[in-house]
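Student: no letters, just coordinates:
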């Protein structure tokens, strides 16, 4: 009768004089791939995937590294955050799902295997936020006497920090004058605050401030400058 393959394997180990500890290490769990970092807009869902080989009887856990808050152990969610879920495919694919991502979810997430010593790897969740104007720091329509100075501002928040640019609604140039009366004509002016000095009727009209940070949608506000 033929001997089972595993008995031949054990016989070979004995004949070669291999250390049983080394044999055990050969079948220790390993991570198959690094965890992919994620960039997710606020309000969307995020999924980290941890790929493991030779898991055997060990367990996979998830921890938010910056707060040391345990998210899940194997198939059980531990955190009180109802937006966190886990799933897996066989013994090799372990997923951490974060629904309706919020700004406080930003940070490092660690996938752990409970070996001794513990094995772990991390992925970073970046949460991006589209721009939004700060109402109390954003100007409305203004009226200024001819020859005077007008100062209008647009402040926006978001992640990354938004860029604010100005342009005229009718497409004509914005005229920036220095203290010596020199004029600089630009189609777009990139600053939160637009200052127009020695204003004339040709400066009168609608100005658009546009805030963008690469996270759609960009936003704009129309400000009417009137000269009397």
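Tutor: The structure has been received and is ready for your questions. These figures come from a predicted structure and were not determined experimentally. Numbers count the residues shown, from 1 in each chain.
Student: which helix or strand in this structure has the lowest average pLDDT?
Tutor: In the chain, the helix or strand scored least confidently by mean pLDDT, DSSP states H and E is helix 5-16, which has a mean of 36.
Student: helices of this structure, residue ranges please.
Tutor: 5-16, 20-26 (DSSP state H).
Student: phi, psi of residue 191?
Tutor: phi -170, psi 160 (degrees, to the nearest 10).
Student: roughly how far apart are residue 205 and residue 145?
Tutor: 16 Å (Cβ to Cβ, to the nearest Å). C-beta coordinates here come from the backbone N, C-alpha and C atoms, glycine included.
Student: so which of those two has more stuff around it?
Tutor: residue 205 (15 against 10; other Cβ atoms under 10 Å).
Student: so residue 143 makes contact with residue 226?
Tutor: Yes - the pair residue 143 and residue 226 qualifies as a contact (Cβ atoms under 8 Å) at a distance of 4.4 Å.
Student: packing partners for the longest strand belonging to the chain?
Tutor: Secondary structure assigned by DSSP state E gives strand 119-133 as the longest strand of the chain. If contacts are counted by 3 or more Cβ pairs under 8 Å, 6 or more residues apart in numbering; DSSP states H and E, strand 119-133 sits against strand 30-31, strand 38-41, strand 46-53, strand 107-113, strand 156-159, strand 205-212, strand 219-227.
Student: domains of this structure: list them as residue ranges, please.
Tutor: 28-129, 134-227 (automatic domain parsing).
Student: got these as CSV, with mean pLDDT columns?
Tutor: Converted to CSV, the domains of the chain look like this (pLDDT from 0 to 100):
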stretch, mean pLDDT
domain 28-129, 97
domain 134-227, 95
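Student: need the helices and strands packed on strand 119-133 in CSV (columns: distance to residue 91).
Tutor: CSV is the format used below for the helices and strands packed on strand 119-133 (distance: least, Cβ to Cβ, whole Å):
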stretch, distance to residue 91
strand 30-31, 12
strand 38-41, 24
strand 46-53, 7
strand 107-113, 11
strand 156-159, 37
strand 205-212, 45
strand 219-227, 47
